[in-house]
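> Next comes the sequence, and after it the predicted model I'd like to discuss.
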Amino acid sequence: MNGPSTLDTYGSQTSFSSAGTGADATLVLTTAMSVAAAVIFLLVMGAVWLAWRRDRPGSVWWIWGGGVILPVIALGTLVVASTFTLAAIGRVDDGAPVIEVTGHQYWWDIVHDPEGRALRDANEIVLPLNIPVTLSLKTEDVIHSFWVPSIAGKMDMVPGRINRMTVTATEAGRFRGQCAEFCGLSHPLMAFEVVVLPQAEYDAYLEDLRSEARDADTAQLARGRDVFLNEGCIACHAIRGVAEGARLGPDLSRIGARATLGAGMWRMNVGNLAGWIADVQDMKPGAQMPSYNHLSGPDLRAVAHYLASLK
Amino acid sequence: MIDATADRPRQGPVLEELRTYEEAWATPPGWRRLSSVSHRVVGQRFIVTGLVFFLIAGFLALLVRTQLIVPENTFLDAETYNQVFTMHGTLMMFLFAIPILEGFGVYLLPLMLGARDLVFPRLGAFGYWCYLFGGLIVLASFVFDAAPDGGWFMYTPLSTKEFTPGLSADFWLIGITFAEIASVTAAVELIAAILCTRAPGMSLTKMPIFAWYMLVTAFMITVGFPPLIVGSILLEVERLIGLPFFDPALGGDPLLWQHLFWLFGHPEVYIIFLPAAGMVATMLPTFVGKPLFGYGYAVAAVVTMGFISFGLWAHHMFATGLPTITLTLFSAASTIVTIPTGVQIFCFILTLAQKRPRLTVPMHFILGFLFIFVIGGLTGVMLAAVPFNWQAHDSYFVVAHLHYVLIGGMVFPLIGAFYYWTPHFTGRMMSERLGKWAFWLMFSGFHITFFLMHITGLRGMPRRISTYPAGIGWDRLNLLSTIGSYILAAGVVVFVWDFIAHRWRGPLAPRNPWKAGTLEWLYPPIAPGHNFHAIPRVHSREPLWDQPDLLENEAHETRGLLRDAPHGRRETVGCHPLSGEPLQIVRLPHPTWIPLLTAFAVAVSFSAVLASLYDIAAAGAVAALFGFAAWAWEPSETGQTITTNDEGTLPVDVASRLGHTHIAIIGTLMIMVALFASVLFAVMFLWNVQPEFTRLAGDPDLFWTSIAVACGLGMSLVAWLARSAPMAVLDLAVALLAGVAGWALYQAVLPTDPMATALAATLWVMAGFIGTQQFVLLYWSLFLALRKVSGQVAAGQIVPEINRVPYALVTAGMLIAAAVVLAAPQLEVLK
Amino acid sequence: MTDRPPRPQTRPHIAPGLRDVARPVVIWTLHFILVYAALSAACAERAVASYPAAVIAVSIGTPVALVLAGWGLLRRGDQPMRIAARVTIIISLLAILFNTAPVLLLDGCR
Ligand code: HEM
Ligand SMILES: [Cu+2]
Ligand SMILES: [Cu+2]
């Protein structure tokens, strides 16, 4: 794999530290169930041990007690508890702001407020702190699954359906998510970042999504922009104010501001950007983007710098 | 080591009457052994082939673990990795677990039940060849560099032509469907064998517990495999000619595949677990020296598991966006299935309590099974809780869980079973010392590998990823898991070495080496090639414990049924399904090449589809039909009688609904009904989730529909009449009516366009399925007519007529159901 | 022909309770299908039935199923099949109850 992975700099991907209401409620359930399971396991093994040492038939009440009565009590409790948890975290809040996330082989298209302002971004989802948000999950091709363990459990993106899930992030910071349904060659390279911002910063972020991308204000950046416009990049990628409308690839209007490249996989910097453009298929086999290995060195550098400047 | 030569049992005929008997049952020597249809030979073939697939799949697992040993490893590229884990899952689930367990069933059941062979030896042999050829097709994909890479559950649309061009998915679909034929034929055969060929006096409640487990398993296979067969056919058809079953733009739904797959997939894990649990329930009492505690409880547990496990499939789909209420239904159903499991585990525990057991190698594996499987069951309950499932699903937690259940619940008992029954296969004992090494290596390696995966999964690692970045908290866990898997593999290697080497190093096995109570140990375990010279009457569930005369005499001097029938034919006693009292003599076939040739014809046909050579495919299918006809052509022997000294006069192949062929037809019909129900499920499902598409593709023709129903009813009526008046004319009438019904059904769906909507396409499949049923009846009836005309059938030989009735009735029922489905949308509008 | 007593040809009473082993689980199956069908009818795109209708179907079907499955629970006897029947009945009753959990615990499709 090319380029150093830098994920140690990112937020967690573990479900053990919870930064969302869904993950939080689930963690409570997980802990309770794990403890109960451990106790039951020890009880059963204790029964095996007793049985091993015993030398005469036991009572059939062991079957009733150990095989029926105790399990039914435990399972009944479990079903009730898990169903109430489910009802709480599975409820879809129709009034909450909507973020539409569309899975593509192997990246994520993101639209904030799709019915209204339709602000587009990709591979990095910004969520407001402590405010419920409804994610509307779709796919463009095969089944993917949206999963940010620290914030909530996963939900599949199934062709022909829109699955909705309301999440509330309860801790500011960065969290890593990853596609959890096998979706083809580069499924392992289909991750993303979630950034949780306090309300004010979140509003600023949305505002930023509305405005045009940063201008190319040096000669090299301008050259990079021209490469971008002339080499066919705009067939798939959009940059607000420069080339709009293309939807086949991620929107690049603020790619330089994102922490990662290639859907949560590599550190965002000029070197990695250049490597990516020159040899996508090596970094991400099967990605729907051709490798631009015919670009001249200076062109490649220019376009990489240009993209890195889009913040 | 004991010097076993001393009590090495004497082999070979000592009684004159034994000679004809042994000649009749002799396995053909040399390469002609391939023509053998004996359950011993076929069972061992299944077992050895399954073991080979296990080793291949295990090797693939090591490749997987080696790739994941460090982050960002470049040992395998993504494509190879995907092929490797897909083939690992596929081989393990389809070509190892089920066939090897069925192999044990095929081998052991007649011996335990007191039969000389299975009732349909040729079917068993045919099934084996289907399994082998299907498995080879799947493996051949490696050679063509087209190994399937879509995961063992092949989710659509990733597995459709658009996203998986090339042949890899076709290899999977065709090879696996072919191998599944083996599983369902073996299931029918086991059902008939268990119900119809038990020793005199072996009523259902005196049956060894293993037979109950296998009986329930076999029934589960007949109902559980059809959804996947239907799903695979739909997907293959979509791939080949583009019918849009799974395409939401044309009214299809990718979730349809998931439903069909898991309707199979969940029962499948119980199908894998139950026979293994049955082995435990057989071995455990031997080492404790007391019968299984709570036989009735165990039977109840097995039966309820067999049913309830069909109501859980959607717990594999909790994250697909099903309504909360549906999630809750499946969540609750998934938790309650632990009750029968718990009952069963406590039966084992109480069995253990009766006496201090002998700590042999199989006993180690049984204890290992209890330990691991209980953990797997508990994590299974956790996974049934939807919120938790949303975190754990498709993560390494699930990988951990499924291996706890499968390795703990199936592989450990299986290896124990190898140690236990190998003396029966080879006449020699495997090594106690190596066995303990194998156990401890496997046990510790297993936990190091898989226990940690629970944590890896909850730390967010998804399954099926060929690479992962460093520093997210997965590095060390993966390293340890990989090391553990090498230890586990070392244990497997020790076992395999022992299994090979014991053939020359192992001590000769004495008679009944484990002091077991079940009938398979009656003969000294140096394979004599035949089962019972005489079939003893059985008074208990552990005849070897409770009927001391059985072990006091030389085995071939055992008193019992069929001892004095020295006419050189293979035959066994058929019993009443419930009471086990002798009912008939079942004539059994001698070695024949027909099963092999027929399976080969089918294999040619399937591979030709894969290569898009449809002429050859058709030729292969026709050849297979001829094969089946040749198979069934032999003269009927119904009506003959045989006088036995013990049980009076018994008819040969009794013409009764309790006969083995009729029971087998019932089993077959369960498969057919389950296939039809799966198609019907698909129709209703699409109708329900994609309402806008209901009538977009045109309406079926109701006139022709009613003609089809009328002919179907007529066909059943004539078939019913033919039972009391077996005449060729009536057979021709059945054939004619069946043909017309099929044709009319074709006309009925003709106005709809299967390319236009998924619903219409599914209706065509439904019609096609019933058409196939009609064709079976047509072919069967023509065959019967031909036999009558050519004088193969004497008066009173009406077994086929009796068997045809339920087939015709069920087919007519399907026609009526289909007619309702075809007419409903139009009638709805009238209203 | 020998002079042995005739073999039992009709259903002998060797397995008292065999039917009681099969019946409860079959009832469970039917009940499961009922609940699944009712929920699917009410909660899928087509919405053939309303949610209350589904609840009514389940509330009528469940007591019926419980009675049919539970029939024979109190029959005595300790032959293996009798025991098996008793255990099967109890497990089936529990499973039927658990299948009603969704309508008991929730009040709508979502
Ligand atoms: C030799 C011991 C075994 C090892 C070390 C092992 C290891 C693994 C690993 C690491 C995976 C996950 C691959 C991934 O998600 O990328 C896996 C998947 C799987 N294993 Fe095993 N396994 C073993 C034995 C078995 C057995 C005995 C069975 C079944 C009888 C089995 C059935 C499966 C299945 C069904 C999958 C899922 C495949 C898929 O995702 O399509 N494995 N195994
Ligand atoms: Cu993916
Ligand atoms: Cu399952």
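All right, it came through fine. Residues are numbered from 1 along each chain as shown, chains lettered A, B, ... in the order given. Ligands and ions are numbered 1, 2, ... in the order given.
> contacts and neighbour counts: CA atoms only from here.
Will do.
> For the residue in chain A that ligand 1 sits nearest to, which non-adjacent residue is closest in space?
Across chain A, the shortest distance to ligand 1 (Cα to the nearest ligand atom) belongs to A:F182, at 8.4 Å. Leaving aside its sequence neighbours, A:F182 sits nearest to B:R464 (Cα to Cα, 6 or more residues apart in numbering or on different chains; 6.4 Å).
> returning to that earlier point: which secondary structure element is home to the residue of chain A closest to ligand 1?
For A:F182, there is no host helix or strand (DSSP states H and E).
> roughly how far apart are B:S431 and B:I100?
To B:I100, B:S431 is 22 Å away according to Cα to Cα, to the nearest Å.
> what do you get for B:A314?
For B:A314 relative to B:I100 (Cα to Cα), the value is 27 Å.
> Comparing these two, which residue is more hemmed in?
B:I100 (25 against 22; other Cα atoms under 10 Å in any protein chain shown).
> For the more buried one, give me its contacts.
B:46-51 (Cα atoms under 8 Å, 6 or more residues apart in numbering or on different chains).
> Mind checking which of those are in strands?
Judged by DSSP state E, the contacts of B:I100 include no members of strands.
> so does stretch A:271-279 get close to chain B?
No - counting by Cα under 8 Å from any Cα of the partner chain, chain B has no neighbours in stretch A:271-279; the shortest distance is 15.5 Å.
> Show me where the stretch 551-700 of chain B has its helices.
B:594-610, B:614-632, B:660-689 (DSSP state H, counting those that start in this stretch).
> cool, the stretch 201-311 of chain A as well?
A:219-230, A:270-278, A:280-283, A:297-309.
> now the ones you listed as CSV including mean neighbour count?
Shown next, in CSV, are these (neighbours: other Cα atoms under 10 Å in any protein chain shown):
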stretch, mean neighbour count
helix A:219-230, 18
helix A:270-278, 20
helix A:280-283, 18
helix A:297-309, 22
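> Ok, which of these comes nearest B:M92?
Closest to B:M92 of the helices of the stretch 201-311 of chain A, according to Cα to Cα: helix A:280-283, at 31.8 Å.
> quick check: mean pLDDT across the closest one?
Computed over helix A:280-283, the mean pLDDT rounds to 89.
> That one and chain B, are they touching?
No - against chain B, helix A:280-283 shows no contacts by Cα under 8 Å from any Cα, the least distance being 10.5 Å.
> what's that helix packed up against?
Applying 3 or more Cα pairs under 8 Å, 6 or more residues apart in numbering or on different chains; DSSP states H and E, we find helix A:280-283 packed against no helix or strand.
> what sits against residue 100?
Answering for chain A, as no chain was given. So A:E100 contacts A:109-114, A:135-138 (Cα under 8 Å, 6+ apart).
> Switch to chain C, please.
B:329, C:35, C:58, C:62 are the contacts of C:T100 under Cα under 8 Å, 6+ apart.
> is it possible to export the residues you listed to CSV including distance to B:D145, pLDDT and neighbour count?
Shown next, in CSV, are the contacts of C:T100 (distance: Cα to Cα, whole Å; pLDDT from 0 to 100; neighbours: other Cα atoms under 10 Å in any protein chain shown):
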residue, distance to B:D145, pLDDT, neighbour count
B:L329, 43, 95, 26
C:V35, 47, 96, 26
C:V58, 53, 95, 24
C:T62, 54, 96, 22
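> So which of the residues you listed is the closest to chain A?
Among these, B:L329 lies closest to chain A (Cα to the nearest Cα), at 9.9 Å.
> wait, the closest one sits on C:A101?
Yes - with contacts counted by Cα atoms under 8 Å, B:L329 reaches C:A101, the gap being 6.6 Å.
> Residues of chain A that sit close to ligand 1?
Contact residues (Cα under 6 Å from any ligand atom) of chain A with ligand 1: there are none.
> what are the ranges of the strands in chain C?
Going by DSSP E, chain C shows no strands.
> next one: chain B
So, for chain B - with DSSP E - the strands run B:571-575, B:582-587, B:641-644, B:648-651.
> rewinding a little: make a markdown table out of the contacts of C:T100 and add distance to ligand 2.
Below are the contacts of C:T100 laid out as a markdown table (distance: Cα to the ion, whole Å):
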| residue | distance to ligand 2 |
| --- | --- |
| B:L329 | 28 |
| C:V35 | 33 |
| C:V58 | 39 |
| C:T62 | 41 |
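> Can you narrow those residues down to the ones near ligand 1?
Of the contacts of C:T100, not one also sits near ligand 1 (Cα under 6 Å from any ligand atom).
> Reformat the residues you listed as a markdown table; add distance to A:D156.
A markdown table is the format used below for the contacts of C:T100 (distance: Cα to Cα, whole Å):
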| residue | distance to A:D156 |
| --- | --- |
| B:L329 | 19 |
| C:V35 | 25 |
| C:V58 | 29 |
| C:T62 | 33 |
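> give the contact list for the spatially most central residue of chain B.
By Cα atoms, centre = their mean, the mean C-alpha position of chain B lies nearest to B:S183, the distance being 3.4 Å. Residues in contact with B:S183 (Cα under 8 Å, 6+ apart) are B:98-99, B:102, B:127, B:131, B:221.
> restrict those residues to contacts with chain C.
Of these, not one also sits near chain C (Cα under 8 Å from any Cα).
> Which one of the residues you listed is nearest to chain C?
Among the contacts of B:S183, and counting by Cα to the nearest Cα, the member closest to chain C is B:I221, at 16.7 Å.
> Touching, the closest one and B:V184? I think so.
Yes - counting by Cα under 8 Å, B:V184 is a contact partner of B:I221 at 6.3 Å.
> which of these two has more neighbours?
B:I221 (27 against 24).
> Would you mind confirming that B:V70 makes contact with B:L477?
No - the pair B:V70 / B:L477 is not scored as a contact, 9.8 Å apart, by Cα under 8 Å.
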